[in-house]
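*Asks:* Okay, here's the prediction I keep looking at, along with the sequence it came from:
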Amino acid sequence: MRYGVVISGLFMLTLVGAACGDSEKTQQKSNQSSTTTALEPSSSAATTTLPPGDRFCNLDAAPVETGTVADPAIVELSGLVASRRLDGIYWAHNDSGDQARIFALDETGARRGEFVLDGVTALDWEDITLVPGSTSDDIVVADIGDNQAVRDSVTIVRVPEPDLPAEPSRPVRLVGLAPQRITYPDGPHDAEAIVTDPATGELVIVTKAWVGVSKAFTTIDGAGDPLRDLGEIALEGGQLVTAADADAVSVVVRTYGDVWVFARDGDEAIVDTLRREPCRAPVAREQQGEAIALVPDFGGYLTISEGVAAPIWKVTP
């Protein structure tokens, strides 16, 4: 689960891709690695006929509401990613202003667990991704929001995927975590999207900019500081990247009002996928769309907005 140039009409995205604080977002929305590690292929990928990468783009069906995020602790859901190991489970977190914690949810919005990251600070968490391994997976939370582009460095924290607790209402404390400090080679950026490149295992950050050109950068845990510049992504028409995810055949990129799909060609790196012309996919009209997660085994994608009791929308190809 994991990847993002030209859109005709509404905006243009060419590989040439920043987080908002609460007050800025309200106003904005009213106006609208040097080292790589190959991933082990999953057994399902070896036995499943891969669907076309643009499978979401010619759908007639509207998004279906599968539930509501009713947990009162989750009021600004900003990051979402599906578990490969835990069937039907999605990892999520709040935006800025919350403590350092992640939640396990299912498609109905039911709380399946809360995990507090001991010794970790959540300054402006914006997105979450999953790094698959041969025997276990890691959750990566990206503290990459920087409204004014003034942070000397941002951080990511890598969390071995935990088991679900017997009592979902009781928080579980995760210890021994070491946030990784990362910097951009050309100065601070605001960003809201992080995605794992299935072809290389690299983490790709896509910045967001209201004015000028957004960019993509890549890193990998323990290497690549400063980040490696993948090139620019030109966004027109107010399309601002708020989340991303990817699988073996597609990269989905979330903006406030749209979902854009980039079809991969074989096992190409994300930098090449991001150069391709994307297509627009269905998305519900949401208050503040900041999260997207691909469903495992090519089963569609979920989107969720920030806000109290946000509905969960599912698109199935």
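*Replies:* That came in fine, so what should we check first? These numbers come from a predicted model, not from an experiment.

*Asks:* can you pull up the bridge partners for residue 279?
*Replies:* residue 261 (DSSP bridges).

*Asks:* Return the residues in contact with it.
*Replies:* 54, 56-57, 260-261 (C-beta atoms under 8 Å, 6 or more residues apart in numbering). For the C-beta atoms, the positions are set from N, CA and C on the backbone; glycine is no exception.

*Asks:* between these, which is nearest residue 316?
*Replies:* Residue 316 lies nearest to residue 56 out of the contacts of residue 279, by C-beta to C-beta, at 9.3 Å.

*Asks:* And for that closest one, the neighbour number?
*Replies:* Residue 56 has 25 neighbours, counted by other C-beta atoms under 10 Å.

*Asks:* That one touches residue 315, doesn't it?
*Replies:* Yes. Between residue 56 and residue 315 there is a contact at 6.3 Å, judged by C-beta atoms under 8 Å.

*Asks:* hmm, back to that, including pLDDT and distance to residue 66, could the contacts of residue 279 go into CSV?
*Replies:* As requested, those are arranged in CSV below (pLDDT from 0 to 100; distance: C-beta to C-beta, whole Å):
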residue, pLDDT, distance to residue 66
54, 93, 23
56, 94, 17
57, 91, 21
260, 90, 22
261, 91, 20
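
*Asks:* With distance to residue 253 added, can I get the residues you listed in JSON lines?
*Replies:* Shown next, in JSON lines, are these (distance: C-beta to C-beta, whole Å):
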{"residue": "54", "distance to residue 253": "13"}
{"residue": "56", "distance to residue 253": "12"}
{"residue": "57", "distance to residue 253": "13"}
{"residue": "260", "distance to residue 253": "5"}
{"residue": "261", "distance to residue 253": "8"}
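
*Asks:* Go through those residues and say which is closest to residue 184.
*Replies:* Nearest to residue 184 among the contacts of residue 279, with distances taken as C-beta to C-beta, is residue 260, at 23.5 Å.

*Asks:* so what pLDDT did the closest residue to that closest one other than its chain neighbours get?
*Replies:* Spatial nearest neighbour of residue 260, chain neighbours left out: residue 278 (4.2 Å); criterion: C-beta to C-beta, 6 or more residues apart in numbering. Predicted confidence (pLDDT) for residue 278: 85.

*Asks:* can you check residue 220 too?
*Replies:* Reading off the model, residue 220 has pLDDT 70.

*Asks:* Compute the number of surrounding residues for it.
*Replies:* Neighbour count of residue 220, defined by other C-beta under 10 Å: 22.

*Asks:* what's the answer for residue 193, then?
*Replies:* Residue 193: 32 neighbours (other C-beta under 10 Å).

*Asks:* so it touches residue 128, yeah?
*Replies:* No. Contact criterion C-beta under 8 Å: residue 193 and residue 128 do not qualify, at 10.4 Å.

*Asks:* picking that back up, these two touch, right, the residue nearest to residue 260 and residue 264?
*Replies:* No. Look at residue 278 against residue 264 with C-beta under 8 Å: they stay out of range, at 11.4 Å.

*Asks:* Great, nothing more from me.
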